[in-house]
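> quick one: sequence and predicted model below, then my questions.
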Amino acid sequence: MIKILENLGFSRVDAEVYVYLAKTGPKEGKDLTIGLRMAKQQLYQVLRNLKEKGVVTSSTDHPALFSALDFEELLRLYINLNKQQAKGIEETKKELLESWKNMENHANN
């Protein structure tokens with residue numbers, strides 16, 4: 001599972017935190033530091049990364065509860081993202097190829 005997430009662009013530690021949280025359910029930060037045997041500072045940076053990716057959320061309670069997006073939803077999110085990226089490339093394909101040919105022409109002159 002860690003390798004799959006790494007292939008989706010997660011760092012190893014981000015993947016480990018996501019998997020732990022997805023498997024164990026919502027947790028407070030202190031419970032995550034204990035369960036993952038991770039320094040508080042490192043954990044909160046990882047949680048921030050995962051929240052930016054949209055795969056972890058936190059409650060507004062104090063202390064906050066962190067929850068992981070369901071794995072099926074995570075896959076759906078990344079599939080849609082890849083479709084959008086592919087569509088963007090397809091839409092600019094003609095200009096990209098023209099730029100490439102111009103580079104070749106300049107290199108040959």
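Nice, thanks for sending it over. Keep in mind that this is a model prediction, so the values were computed, not measured.

> flag the shaky bits of the chain, pLDDT-wise.
Applying pLDDT under 70 to the chain picks out residues 108-109.

> which residues of it fall in strands?
27-28, 56-58, 65-68 (DSSP state E).

> how much space separates Arg76 from Lys83?
11 Å (CB to CB, to the nearest Å). All C-beta spots, glycine's among them, are computed from the backbone N, C-alpha and C.

> which ones are touching the residue nearest to the spatial centre of the chain?
Central residue of the chain (CA atoms, centre = their mean): Lys53, 4.5 Å from the mean position. Contact analysis of Lys53 by CB atoms under 8 Å, 6 or more residues apart in numbering lists 10, 14.

> quick one on the thing from earlier: nearest to Glu104, of the strands of the chain?
strand 56-58 (45.0 Å; CB to CB).

> domain ranges for the protein?
Using automatic domain parsing, the domain parsing of the chain gives 1-69, 70-109.

> which of those domains sits most buried?
domain 1-69 (a mean of 15; mean count of other CB atoms under 10 Å).

> how long is that domain end to end?
15 Å (CA to CA, to the nearest Å).

> from the chain's centroid, how far away is that domain?
On the basis of CA atoms, centre = their mean, to the nearest Å, domain 1-69 sits 11 Å off its chain's mean C-alpha point.

> which stretches of the protein form helices?
2-7, 12-24, 29-36, 40-53, 71-108 (DSSP state H).

> TSV for those helices, including distance to Ala64?
As requested, the helices of the chain are exported to TSV (distance: least, CB to CB, whole Å):
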stretch	distance to Ala64
helix 2-7	23
helix 12-24	13
helix 29-36	7
helix 40-53	9
helix 71-108	20
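
> figure out which of these is closest to Asp61.
Counting by CB to CB, and looking across all of those, nearest comes helix 29-36 at 11.6 Å.

> got the contact list for that closest one?
By CB under 8 Å, 6+ apart, helix 29-36 touches 16-17, 20-21, 24, 27, 38-40, 43-44, 47, 63-64, 66.

> hmm, try it at 7 Å
17, 20, 24, 40, 43-44, 63-64, 66 (CB atoms under 7 Å, 6 or more residues apart in numbering).
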